[in-house]
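*Asks:* Here's my sequence, what's the structure:
(one chain, ligands or ions: 1)
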Amino acid sequence: MKLLSRLLKNAGSLNFILGASILAGIVATLLQVSIIGLGFVTFMTRLADFPWALLLVLAICAGIFRFEEQYLGHLVAFKILSKFRNLTYQKIMKLAPAKLDGQHSSDLLKLLVQDIEQIEIFYAHTLSPIVIAIIVSIIQVIGFWIVKPSLGVVALIAYLVMGMVLPLISSRTMKKSASELSQSELTNQRLMSEMVNGKFELQQYQAVNKQTDKINAATADYWQINQTKVAKQERQGILMQLVLVVSLLVFLLVALKTSSSFVAVLVFPFTFSRVLALASLPGSLSGGLLAAKNLFGLFDEQPEVTDQGEHQISEINQIDLHDTTFAYPSRPTDEVLSHVNLKIQQTERIGLIGKSGEGKSTIVKLIMRWYEAQSGTVQLNDINNEEIALNNQRSLINYVSQNAQIFATTIRENLVLRDNEIQDDRIWNVLKWVHLDEIIRNLPDQLDTEISDSKRTLSAGEIQRLELARALLNPSSLLVLDEPTSNLDVLNEAIILNAVKQYYHGTVVIVTHRMSTLAICDRVLRLNQGQLEPA
Ligand SMILES: Nc1ncnc2c1ncn2[C@@H]1O[C@H](COP(=O)(O)OP(=O)(O)OP(=O)(O)O)[C@@H](O)[C@H]1O
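*Replies:* Now for the predicted structure:
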């Protein structure tokens with residue numbers, strides 16, 4: 001119930017469109033039953049006076065209302081998809097980068113694609129049939145009650161058994177199937193994304209067959225669970241048909257015994273259309289609620305850092321970590337940094353070295369305010385960084401990691417991202433600094449060449465230089481390079497370091513294992529057991 005009310009609250013004004021669709025559905029159904037009733041009445045009394053015109057008008061109205069129900073239902077479905085996807089993206093943006101640090105991308109993908117689709121089916125195609133069935137059934141029961149109270153009672157029991165008792169019983173078993181199916185989908189997606197992302201490693205270590213076997217087993221598992229679910233649905237369908245037949249017989253007997261109008265008996269079978277539709281809903285009902293639970297789980301997550309700072313700074317001219325201690329929230333007792341002190345002056349180039357896992361990247365994540373220190377302070381320009389507006393602070397920092405981020409668009413868009421003010425002249429100039437100008441000029445579409453993770457066109461070293469060009473195009477005060485050259489050859493490393501040295505005029509922090517990368521640094525510090533010391 002809590003989930004349902006939260007879903008309705010999040011749907012906001014879309015509830016009105018859903019309401020209109022429900023209303024149209026109710027009117028259409030009642031018109032349909034009225035047409036059938038009217039037809040039988042006329043047929044059994046005076047065929048010659050058959051009210052063709054009235055029937056035609058009612059039929060046209062029923063068609064229009066039915067169309068409205070479907071149209072508004074689908075409209076709401078599309079709108080809810082886009083609304084929930086937007087809400088999810090906004091939440092992901094708020095949680096990023098810290099909360100997504102280490103998140104499985106296929107889990108997020110499942111949430112964005114499958115779970116939101118389930119919610120759409122639930123909201124637009126499950127909720128309204130339930131409401132329509134309830135209201136239409138109440139009106140029909142009243143109608144039969146007016147004909148004969150005993151007929152009303154039989155109709156009420158029949159609708160209750162078929163529309164509530166049976167779906168509720170099956171929803172219990174369906175809940176388990178829905179959760180197993182959702183888990184199995186997640187496993188399948190994880191395995192597939194591992195297979196695609198790790199294709200080279202799997203080939204290199206001849207582990208493709210093993211991974212394929214795993215995927216086959218997971219797929220077989222998925223089919224098994226799905227078959228069980230379908231079998232359950234079929235069994236319920238048969239049970240529904242049985243109850244329907246029994247209800248019709250009982251209705252007929254009661255009508256004969258109370259010598260009621262035979263028209264009621266003839267109309268009764270046609271009043272089940274909406275109630276019968278509820279039979280197939282428990283699956284989407286439990287699936288939708290489970291998907292809503294997953295989604296609201298994400299919505300409820302709190303970002304690692306708050307955005308309450310009001311200070312605005314135009315540049316970073318000093319960075320100061322004072323007595324800073326930090327442990328990751330997921331491992332709170334495992335101190336990564338212990339009482340670290342570090343002062344970096346404007347335009348200094350600092351190198352951070354140390355054994356793997358010592359916490360070098362953690363230091364830069366604190367400076368970039370992905371996380372907050374447990375004790376001690378991190379200050380920019382003598383202001384505690386939580387007092388500075390988060391967006392302002394992040395806009396002054398460029399972060400280049402060893403895994404270059406390529407967007408599926410043109411080279412130009414990849415370089416300027418959203419800043420369309422940047423002219424091509426400037427782009428070519430910066431490309432020259434990183435020795436990419438000639439390579440890109442030789443491509444048939446030059447800056448308009450489409451690139452993506454799967455269609456790179458450029459080599460790994462060139463992509464890394466493209467990432468640096470993106471950083472150099474964006475005026476900033478601090479450039480953080482986290483293992484920028486670890487995957488590159490000596491030539492690419494030299495190009496990157498030269499470009500940074502000659503053309504980047506702000507402060508630079510380089511995290512690296514390569515001694516050659518430190519050549520451009522003014523000062524090198526070693527991280528050792530949570531403490532910083534001169535190297
Ligand atoms: N998001 C995270 N959640 C929990 N622990 C983490 C997280 N990121 C890093 N760690 C842990 O914190 C420690 C320091 O990690 P960090 O990445 O800062 O080390 P590093 O010195 O940069 O290592 P490397 O040189 O291998 O990149 C490691 O033990 C690591 O496992």
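
*Asks:* On the three-state scheme, the closest residue to residue 436 other than its chain neighbours is what?
*Replies:* Take residue 436 and drop its neighbours on the chain: the residue closest to it by Cβ to Cβ, 6 or more residues apart in numbering is residue 465, 5.5 Å away. Any C-beta I mention is one placed from the backbone N, CA and C, and that applies to glycine too. Put simply, residue 465 is helix when judged by DSSP: H, G, I helix; E, B strand; the rest coil.

*Asks:* Next one: residue 465 from residue 492, what distance?
*Replies:* Applying Cβ to Cβ, to the nearest Å, the value for residue 465 to residue 492 is 7 Å.

*Asks:* So the two - more neighbours on which side?
*Replies:* Under the neighbour definition other Cβ atoms under 10 Å, residue 465 and residue 492 were set side by side, and residue 465 has more, 25 against 20.

*Asks:* The more buried one against residue 498, yeah?
*Replies:* No: contact criterion Cβ atoms under 8 Å: residue 465 and residue 498 do not qualify, at 10.9 Å.

*Asks:* And for the nearest residue to residue 187 once chain neighbours are set aside, the neighbour number?
*Replies:* Distances taken as Cβ to Cβ, 6+ apart put residue 218 closest to residue 187, at 5.1 Å, once the chain neighbours are dropped. Look at residue 218: counted by other Cβ under 10 Å, it has 19 neighbours.

*Asks:* State the distance from residue 218 to residue 190.
*Replies:* For residue 218, the distance to residue 190 (Cβ to Cβ) stands at 9 Å.

*Asks:* Kindly report the same for residue 442.
*Replies:* From residue 442 to residue 190 the distance is 40 Å (Cβ to Cβ).

*Asks:* Tell me which of the two has more neighbours.
*Replies:* Neighbour comparison, residue 442 and residue 190: the larger count goes to residue 190, with 17 against 8 (by other Cβ under 10 Å).

*Asks:* Tell me the buried residues in the helix or strand hosting the more buried one?
*Replies:* Residue 190 belongs to helix 166-197 when assigned by DSSP states H and E. Going by neighbour count (16 or more other Cβ atoms under 10 Å), the buried part of helix 166-197 is 166-167, 170-171, 173-175, 177-178, 180-182, 184-191, 194.

*Asks:* for this structure, which spans come out with low pLDDT?
*Replies:* Residues of the chain meeting the criterion pLDDT under 70: 46-50, 99-107, 279-280, 282-284, 456, 487.

*Asks:* Show me which residues of it sit near the ligand.
*Replies:* Residues of the chain lying close to the ligand (Cβ under 6 Å from any ligand atom) are 101-102, 328, 330-331, 336, 354, 356-362.

*Asks:* Can you flag which of the residues you listed belong to helices?
*Replies:* 360, 361, 362 (DSSP state H).

*Asks:* Kindly reformat the residues you listed as a markdown table and extend each row with neighbour count.
*Replies:* Converted to a markdown table, these look like this (neighbours: other Cβ atoms under 10 Å):
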| residue | neighbour count |
| --- | --- |
| 360 | 25 |
| 361 | 18 |
| 362 | 21 |
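
*Asks:* Show me the domain layout of the chain.
*Replies:* 2-300, 347-360+387-534 (automatic domain parsing).

*Asks:* Turn the ones you listed into CSV, including distance to residue 377.
*Replies:* Output for the domains of the chain, formatted as CSV (distance: least, Cβ to Cβ, whole Å):
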stretch, distance to residue 377
domain 2-300, 18
domain 347-360+387-534, 10
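
*Asks:* Which one of those domains lies nearest to residue 324?
*Replies:* domain 347-360+387-534 (9.8 Å; Cβ to Cβ).

*Asks:* how far is that closest one from where the chain is centred?
*Replies:* 30 Å (Cα atoms, centre = their mean, to the nearest Å).

*Asks:* host element of residue 480?
*Replies:* Element membership for residue 480, per DSSP H and E: strand 478-482.

*Asks:* my bad, residue 118
*Replies:* Counting by DSSP H and E, residue 118 is found in helix 116-122.

*Asks:* who's in contact with that helix?
*Replies:* 7, 77, 80-81, 84-85, 88, 284-285, 287-292, 295 (Cβ atoms under 8 Å, 6 or more residues apart in numbering).

*Asks:* Now the element after it, going C-ward?
*Replies:* That would be, after helix 116-122 and using DSSP H and E, helix 128-147.

*Asks:* Could you list every helix and strand that that next one packs against?
*Replies:* Packing partners of helix 128-147 (3 or more Cβ pairs under 8 Å, 6 or more residues apart in numbering; DSSP states H and E): helix 14-44, helix 149-160, helix 273-277.

*Asks:* could I get the ones you listed as TSV with mean neighbour count?
*Replies:* Below are the helices and strands packed on helix 128-147 laid out as TSV (neighbours: other Cβ under 10 Å):
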stretch	mean neighbour count
helix 14-44	18
helix 149-160	18
helix 273-277	19
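
*Asks:* Tell me which of these approaches residue 506 most closely.
*Replies:* helix 14-44 (46.7 Å).

*Asks:* how big is the angle separating that closest one from helix 128-147?
*Replies:* Here helix 14-44 runs at an angle of 40 degrees relative to helix 128-147 (axes from the mean of the first three to the mean of the last three Cα atoms, to 10 degrees).

*Asks:* if I pick the closest residue to the ligand within the stretch 151-300 of the chain, what's in contact with it?
*Replies:* Residue of the stretch 151-300 of the chain nearest the ligand, by Cβ to the nearest ligand atom: residue 298 (17.2 Å). Neighbour list for residue 298: 88, 91, 92, 95, 111 [criterion: Cβ under 8 Å, 6+ apart].

*Asks:* Over to residue 296?
*Replies:* Per Cβ under 8 Å, 6+ apart, neighbours of residue 296: 3, 6.

*Asks:* and the gap between it and residue 220?
*Replies:* Taken as Cβ to Cβ, the span from residue 296 to residue 220 is 32 Å.

*Asks:* cool, and residue 111?
*Replies:* 25 Å.

*Asks:* ditto for residue 212
*Replies:* Counting by Cβ to Cβ, the gap from residue 212 to residue 220 is 12 Å.

*Asks:* which one of these two has more residues nearby?
*Replies:* residue 212 (13 against 10).

*Asks:* Let me see the ranges of the strands in the protein.
*Replies:* Secondary structure of the chain by DSSP state E: the strands cover 318-327, 335-345, 349-354, 375-380, 383-384, 397-400, 409-410, 450-451, 478-482, 507-511, 523-528, 531-534.

*Asks:* Alright, I will stop here.
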